[in-house]
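Engineer: give me a 3D structure for the following:
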Amino acid sequence: MLRILVTDLDGTLLGGDEAERRRLHAALARHPEVTVVLATGRGLSSVREILRDPLVPKPRWIIADVGASVIDGEEFAPVSAIQDQLRASWPGRRRVREAMARFPELSYQEGVAQDGRCSYHLAPDALSERITAAVHALGCGWLYSGDRYFDVLPAGVSKGSALRALAEKLDWPVESILVAGDSLNDLSLFQLGAHGVIVGGAEPALLAAVPESALVHRPEERGAAGILAALDDLGWIPESERAGRGHPLVVGYHRPPVSWTPQGWQPPASPNGILPTLNSLFSSGLPGVWVAAAVGDPGLDPAAAQHPGEPLSLLPLTAGEWAGYFHRACKETLWPVLMSEPDRLRFDATAWADYRTVNARFAEHIGRQAAPGATVWLHDYNLWLVPGLLRGARPDLRIGLFHHTPFPSPEIFAALPGPVATEIRTSLGSLDWAGFHTEAFADRFRHTLAGRSGSRPGLPRLGVHPLGIDRPAIEELARDRLAHRRAGHGPLVLSVERLDYAKAPVQKVETIARLLARHPELRGRLTFRLVCPPPEPGITAYDTTRRLLEQRVDDVNHTWSEGSWRPVDYLPRGLPFAEVIDQYLSADVLWVTSLQDGMNLTAKEFIAAQAVLARSTAGRSGVLVLSDRTGAATELATAALLTDPRSPEDLAATLTRALALTPAERRARLDRLSALLGHERPADWAARIVRAIRSPAGG
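Structural biologist: Have a look, this model is predicted:
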């Protein structure tokens, strides 16, 4: 339903206390179907200054200069077809000033932006027929308000006449319009027959001039609160929303916590990672809503989609929008920078436009879901532009973003095109709080944002909160799967990771070839099992890595295979999580060689599963070989064997050392890893971050 709010600024939209202005701003943000039109005596340059105030809703149209100017609020350009007609009789500012100069009682408002009008100060007792006759002789009209302001205008021009012309051009029915004002220069708005609200504390002359009518509301509340009262009376924004209806917590993530299939909702396979962690946050009773994208599934109605585990609000995207946003902008432009692989960066302006559009839609959707003063918890680089967009629309919100990926150094971040880098930095500077897995990532963020330009001074508050795993769930599953553990004829080196150049799968296969060449005793015995499921269909950023990996696997197996033994057991598919646990229990070494990684929870899952194995058997304990570029390395460095993933020699030497450790050395390292792993529940991690975002001093 078409709804138009036409409001004066001073004393009306800008009136009342800040809390009421915040409530009105939040209510309008939740109801984008209400088009906002500003109708003011100010000039355009003055209005633009006012629009820097985050509590002023963005107008679609602006009626300025007491009706002499009509502006497109998106382009800040005159609506010439209307404005030229309104000013047809205007003789020009110079001629008006010359004609009115003979009246010393008129004081021209120097320094006040004026276009298509001339504004003076005039005492009430000095308003005379001589002055008004001089105005009429110029072919102009006049308006006196506030017992002070005398405006010379084109004949017949007022806020009301400008609104009438705009409504006719845009086919607005009068019953769809609500006008709001507080002074006599708003009188013409109330003469159109539209709904009206004269806010509390209005100029007595306006109250006297507007006849009593069921169409005109006269609330006691001043300014923004009076507008809210009228919106409530009309049913445009119900009282329940004025009182704060909406969610106190909104989680924004590009994916939903569950997957929709023809059989219904399917939960994540693993109990670990951000999706099940946030599931646990909602299932623990914290009130809120999860906003995520629903991509091109004709069998799913996003508006009605609900899941019994948590409130879920889905943003529908077409397959084309998702491809430009995620497959290309996220994976081809931003991911290489995050992974410190800037040479792989590919920028496409069309894809970046899709990224902007999707972020804008997320911001709008989140704004509609959030209660006044709500907490918004965003996740990862996929929503980097949301903070800035949301800050402008909903300044009442507390906005935090947790980075699950590494954050690049300023030098790597600078590989992005300049305007894109500036756009991202400006948006991230709008956050109240930013979280990371490690101090190093937080420090890179701090230096990347230092010196940026923007309206918010200083940096967001920073927090370092490494994510853990649901250890009891892993241990219970490991105990159930002990009987499935397979003992091989030689050492088993295991990697479990999605196909991604950042995981260095090709480098691992080449390291195996190097080991077999240097250590003949491993031939016929050593197996490297690479569980490597492909990315979702449509992502082409990893195609080169996939082709090279398949070729190198074939080369190494062709060179070194003996009988039924193959050195590389490549599984290019995902496994049920129970079978992943089987692999952890069977492995002698978990080999994590990421070139960059946020946390790497497989390392922690391996430790939990191996700890169960160590308690149940006197057999050998597994060894964790961990890239020093992972977030987990910060926590586990004293017990894991760290490796430099960019050094072929170090990869080979560290894996050789792992295979040569004695049973006692393996068990001692595993015991330390188990102690370092701790027992914090992921739900506690999530709750702690929500508190940090909400707290002015949170970290």
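Engineer: ok, which stretches of the stretch 401-550 of the chain are helices?
Structural biologist: Ranges of helices within the stretch 401-550 of the chain are 410-413, 418-428, 439-449, 471-481, 505-518, 543-560, based on DSSP state H, counting those that start in this stretch.
Engineer: please produce CSV containing these, extended by mean neighbour count and mean pLDDT.
Structural biologist: For every residue, glycine as well, the C-beta is placed using N, CA and C. Listed next are these as CSV, based on neighbours: other C-beta atoms under 10 Å; pLDDT from 0 to 100:
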stretch, mean neighbour count, mean pLDDT
helix 410-413, 17, 96
helix 418-428, 17, 96
helix 439-449, 18, 96
helix 471-481, 18, 94
helix 505-518, 20, 98
helix 543-560, 16, 97
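Engineer: quick one, which of these gets closest to residue 108.
Structural biologist: Smallest distance to residue 108 across the helices of the stretch 401-550 of the chain (C-beta to C-beta): 39.8 Å, for helix 418-428.
Engineer: counting by contacts, list what that closest one packs against.
Structural biologist: Where contact means 3 or more C-beta pairs under 8 Å, 6 or more residues apart in numbering; DSSP states H and E, helix 418-428 is packed against helix 386-393, helix 439-449.
Engineer: for residue 677, phi and psi?
Structural biologist: Phi and psi for residue 677, reported as degrees, to the nearest 10, are phi -60, psi -40.
Engineer: wait, it touches residue 608, no?
Structural biologist: Yes. With contact defined as C-beta atoms under 8 Å, residue 677 reaches residue 608; the gap is 6.5 Å.
Engineer: shared neighbours of the two, which are they?
Structural biologist: Common contact partners of residue 677 and residue 608 (C-beta atoms under 8 Å, 6 or more residues apart in numbering): 469, 471.
Engineer: residues making contact with stretch 381-388?
Structural biologist: Stretch 381-388 is contacted from outside by 252-254, 326, 330, 334, 338, 355-356, 359-360, 362-363, 366, 378, 399, 401, 403, 405, 423-424, 426-431, using C-beta under 8 Å, 6+ apart.
Engineer: now the buried members of the residues you listed.
Structural biologist: 252-254, 326, 330, 334, 338, 355-356, 359, 362-363, 366, 378, 399, 401, 403, 405, 423-424, 426-431 (16 or more other C-beta atoms under 10 Å).
Engineer: before we move on, back to that, of all the helices and strands packed on helix 418-428, which one is nearest residue 138?
Structural biologist: Among the helices and strands packed on helix 418-428, the nearest to residue 138 by C-beta to C-beta is helix 386-393 (42.1 Å).
Engineer: can I get that closest one as PDB, trimmed to CA atoms?
Structural biologist: Listed next in PDB are the C-alpha coordinates belonging to helix 386-393 (Å, rounded to 0.1, in the frame of the first residue of the first chain):
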ATOM      1  CA  VAL A 386      26.600  -4.000   5.600                       C
ATOM      2  CA  PRO A 387      28.000  -2.100   8.700                       C
ATOM      3  CA  GLY A 388      28.200   1.200   6.800                       C
ATOM      4  CA  LEU A 389      24.800   0.800   5.100                       C
ATOM      5  CA  LEU A 390      23.200  -0.200   8.400                       C
ATOM      6  CA  ARG A 391      24.800   2.600  10.400                       C
ATOM      7  CA  GLY A 392      23.300   5.200   8.100                       C
ATOM      8  CA  ALA A 393      19.800   3.700   8.200                       C
END
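Engineer: on that earlier part again, the more surrounded of residue 677 and residue 608?
Structural biologist: Neighbours per residue (other C-beta atoms under 10 Å) separate residue 677 from residue 608, with residue 608 holding more: 25 against 22.
Engineer: just to be sure, the more buried one is in a helix?
Structural biologist: Yes. Residue 608 forms part of a helix when assessed by DSSP: H, G, I helix; E, B strand; the rest coil.
Engineer: wait, it touches residue 471, no?
Structural biologist: Yes. Between residue 608 and residue 471 there is a contact under C-beta under 8 Å: 5.1 Å.
Engineer: now the common contact residues for these two.
Structural biologist: The contact sets of residue 608 and residue 471 overlap at residue 677 (C-beta under 8 Å, 6+ apart).
Engineer: tell me the first helix or strand C-terminal of the lowest-mean-pLDDT helix or strand in the chain.
Structural biologist: Sorting the helices and strands of the chain by mean pLDDT, DSSP states H and E puts helix 239-242 at the bottom, at a mean of 46. Beyond helix 239-242 on the C-terminal side, the first helix or strand identified by DSSP states H and E is strand 247-252.
Engineer: mind listing residues that contact that next one?
Structural biologist: For strand 247-252, contacts defined as C-beta under 8 Å, 6+ apart pick out 278, 281, 286-292, 311, 362, 366, 369-371, 374-379, 383, 386, 690.
Engineer: show me which of those are buried.
Structural biologist: Neighbour-count burial (16+ other C-beta under 10 Å) applied to the contacts of strand 247-252 gives 278, 281, 286, 288-292, 311, 362, 366, 369-371, 374-379, 383, 386, 690.
Engineer: which of those fall within strands?
Structural biologist: Using DSSP state E, the members of these that fall in strands are 289-292, 370-371, 374-379.
Engineer: and those residues as JSON lines, adding distance to residue 628 and pLDDT?
Structural biologist: Putting these into JSON lines (distance: C-beta to C-beta, whole Å; pLDDT from 0 to 100) gives the following:
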{"residue": "289", "distance to residue 628": "39", "pLDDT": "88"}
{"residue": "290", "distance to residue 628": "34", "pLDDT": "89"}
{"residue": "291", "distance to residue 628": "36", "pLDDT": "93"}
{"residue": "292", "distance to residue 628": "33", "pLDDT": "92"}
{"residue": "370", "distance to residue 628": "40", "pLDDT": "90"}
{"residue": "371", "distance to residue 628": "44", "pLDDT": "87"}
{"residue": "374", "distance to residue 628": "39", "pLDDT": "91"}
{"residue": "375", "distance to residue 628": "35", "pLDDT": "94"}
{"residue": "376", "distance to residue 628": "34", "pLDDT": "97"}
{"residue": "377", "distance to residue 628": "30", "pLDDT": "96"}
{"residue": "378", "distance to residue 628": "29", "pLDDT": "97"}
{"residue": "379", "distance to residue 628": "25", "pLDDT": "96"}
